[in-house]
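K.L.:
I need the structure of the sequence given here:
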Amino acid sequence: MGPKKQKETQRDIIANNQQYNNRFNYANNFIKTSKYTLLTFIPLNLFEQFQRAANFYFLCLLILQLIPEITSLTPVTTAVPLVGVLTLTAIKYAYDDVSRHRTDRTVNNRKSQVLRKGYLVEEKWHRVQVGDVIRMENNSFIAADILLLSSHNPNGLCYIETAELDGETNLKVKQCLDSTNALGEDEKSLSQFNGHIICEPPNNNLSKFDGTLTYNGHKYSLDNEKVILRGAMLRNTPWCYGVVLFAGKDTKLMQNSGKTKFKRTSIDKLLNFIILGIVIFLLCMCLFCTVACGIWESMIGFYFQSYLPWDTVVPVEPVAGATVISLLVFFSYAIVLNTVVPISLYVSVEVIRLFLSKLIDWDKEMYDVTSNTAAKARTTTLNEELGQIQYIFSDKTGTLTQNIMTFNKCSINGRSYGDVIDESTGEPVELDEHSKKVDFTFNHFYEPTFDFYDQNLLNEVKAGNPDTHMFYRLLALCHTVMPEYGPDGSLEYQAQSPDENALVSAARNFGFVFTERTSRTITIQALGMSEVYELLCILDFNNVRKRMSVIVKYEGRIRLYCKGADNVIFERLRPNQEEIRTRTQEHLDKFASEGLRTLCLGVKDLTQQQFDDWKTEHHKAALAMENRDDKLDAVYNIIEKDLTLLGATAIEDKLQDGVAQTIANLQMAGIKLWVLTGDKQETAIN
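P.N.:
This next block holds a predicted model:
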């Protein structure tokens, strides 16, 4: 027996050094989601099946029938139906598990390009090891959790789709370090890469990664932006290289999958309860017959032994003999009355389940014409489980809504824009397809699909209003969107969230066009004039912070731009802004009551000394291996204060067709619906 493997507290890897990495006995890239093997199938499946009360009861009955002194029926009468039920159920589970084995085999035998001794060789996925440098190409799945080293993009960017991980189809952006991106696709340089990586142990947190890379005498901070997880697919990126951090069962995808469990539905539990009640009733009948038999044998049967002789194992004394006979008769009655417990009930239920699941597949009203997709019941127990639902917990964005965000209204320096006011009544006009739209054709980059109806806002932009210019500069700079140019020169944005896309698109149409991003610069076209900002730092958004900021430098001036939830921004404003704050809050309440998603915007000027002092603290927090998020959050709080309020944005995310009717139908069925949303309560209700 070898020494027991200790729980991993951190992962220690040197790229391209298997001798070093093998010391830690890291998992290989082989995965297994199947439940059984040829050796374990029969014992494990029988153990699971005998958890059903009826199966266990008939097993006990069969054992009793093998005892000659008490049996009154041949064991075949119980053995045949029991074996039949066990066999049919086992075949069903075997079929499901064979499908899992096939899927595992397909995944494990996928091909991957791995650097071996300075050359790219084709390896099956299950042969990929921790520390290997692998090449990934466009539209291919990622073989393991990897640290991105280099990319086709000169800025070290690559795009991934994470639908298999989190269900989101929006492309996400990953970016490698500048120092490793210089390796490019030079196989010799990549095979000689010997970066030393210290990172967190395997875990199931998809949104967080902490680690450090020591390379060429420098220590770099690693976070989730530089890691691509197994299950993701590379998109819009011809190639990229990465070093394997976690493989096989240690990957975050597999850490989230868990073990395949034997599932008992509500109907199964109910059947077990009913069977238990029937067995108790049967035992009561057997007990009554036992007592009656004992009384009859002691009072009458003892004197009729010449006609009905007692068995040789029965004592000759009247009371003792009657007692033994009645005890033996208890088990005999249990055998004779076994038909009270219906073993065929489970078979009948399985057949009914199969038929009802097919009704779902054949339902024409559940066919979606748009995507040419019919309903598919992937388990025979789906119907009964749907019937047991009491609560539905639903996300809102992208589930109940179309996830197509449109810039609808805004508030700038205490003035609201977006409504078209009737000059005679002073009230907002109801907008429809006949309403006059703002003409953006003066702007070479405008989007014909962008609709806005309040001409006053464009007039303010053209008139050079500094507040509106600052407002749209913030929208064009404070984001993580990536620009892409088509063959015809058309500009498209790749955003991690549709909210960001809508805001950057709004700035674009009003003349502040985000055109280019590198790891150190952001370029915008401000009313036709190119402005290149030095990107000093990005303060990331997360669900706890509820805000994001960028710190940029332009023409010697350092400025922090921040956007986030209204309560988060308001508590970070500098004093003496009560008037604009009050008016903006009124506008926010109005936007929320109309069902719009709102964000507040703030700005702050920094001196070089302020930024340098803060950057030193930020660098220390970014390299911390323990409590990095808390330390970064504390550092962010130092600089994200004393903001000047610019205004607020209001974005519309329309409900999908039929949502209202669906919710009404669910309520009629007695099902309670809970919706999870980050919106203000007024927005969510509307």
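K.L.:
In three-state terms, label residue 651 for me.
P.N.:
Put simply, residue 651 is strand when judged by DSSP: H, G, I helix; E, B strand; the rest coil.
K.L.:
tell me the contacts of it?
P.N.:
Listed by C-beta atoms under 8 Å, 6 or more residues apart in numbering, the contact set of residue 651 reads 405, 406, 407, 408, 499, 502, 503, 596, 597, 598, 599. Where C-beta positions appear, they are placed from N, C-alpha and C, glycine not excepted.
K.L.:
if we go to 10 Å?
P.N.:
405-410, 498-499, 502-503, 506, 591, 596-599 (C-beta atoms under 10 Å, 6 or more residues apart in numbering).
K.L.:
Against residue 322, how distant is it?
P.N.:
For residue 651, the distance to residue 322 equals 88 Å [C-beta to C-beta, to the nearest Å].
K.L.:
One more: residue 44?
P.N.:
Computed as C-beta to C-beta, the residue 44 to residue 322 distance reads 46 Å.
K.L.:
where in the stretch 1-150 of the chain is pLDDT low?
P.N.:
1-6, 72 (pLDDT under 70).
K.L.:
how about the helices of it, start to end?
P.N.:
Remark: helices assigned in the stretch 1-150 of the chain by DSSP state H, counting those that start in this stretch are 18-21, 41-49, 53-65, 76-108.
K.L.:
Which stretch among those approaches residue 633 most closely?
P.N.:
Residue 633 lies closest, by C-beta to C-beta, to one member of those: helix 18-21, at 33.1 Å.
K.L.:
buried ones in that closest one?
P.N.:
Neighbour counts over helix 18-21 (16 or more other C-beta atoms under 10 Å) mark residue 21 as buried.
K.L.:
What of stretch 377-395?
P.N.:
377, 380, 381, 382, 383, 384.
K.L.:
tell me how far that stretch is from the chain's mean position?
P.N.:
19 Å (C-alpha atoms, centre = their mean, to the nearest Å).
K.L.:
Can you list the neighbours in contact with it?
P.N.:
When contacts are defined by C-beta under 10 Å, 6+ apart, stretch 377-395 is touched by residues 92, 96, 167, 263-268, 270, 349-361, 363, 375-376, 400-401, 663, 666, 669-678.
K.L.:
can you rerun that using 8 Å?
P.N.:
Here stretch 377-395 makes contact (C-beta under 8 Å, 6+ apart) with 263, 265-267, 350, 353-354, 356-361, 400, 666, 670-677.
K.L.:
Residue 608 and residue 503, how far apart?
P.N.:
Using C-beta to C-beta, residue 608 is found at 29 Å from residue 503.
K.L.:
Of these two, give the one with the bigger neighbour count.
P.N.:
Between residue 608 and residue 503, residue 503 has the larger neighbour count (other C-beta atoms under 10 Å), namely 27 against 11.
K.L.:
Spatially nearest residue to that one (excluding sequence neighbours)?
P.N.:
Spatially, and ignoring its direct neighbours in sequence, residue 503 is nearest to residue 475 (4.8 Å; C-beta to C-beta, 6 or more residues apart in numbering).
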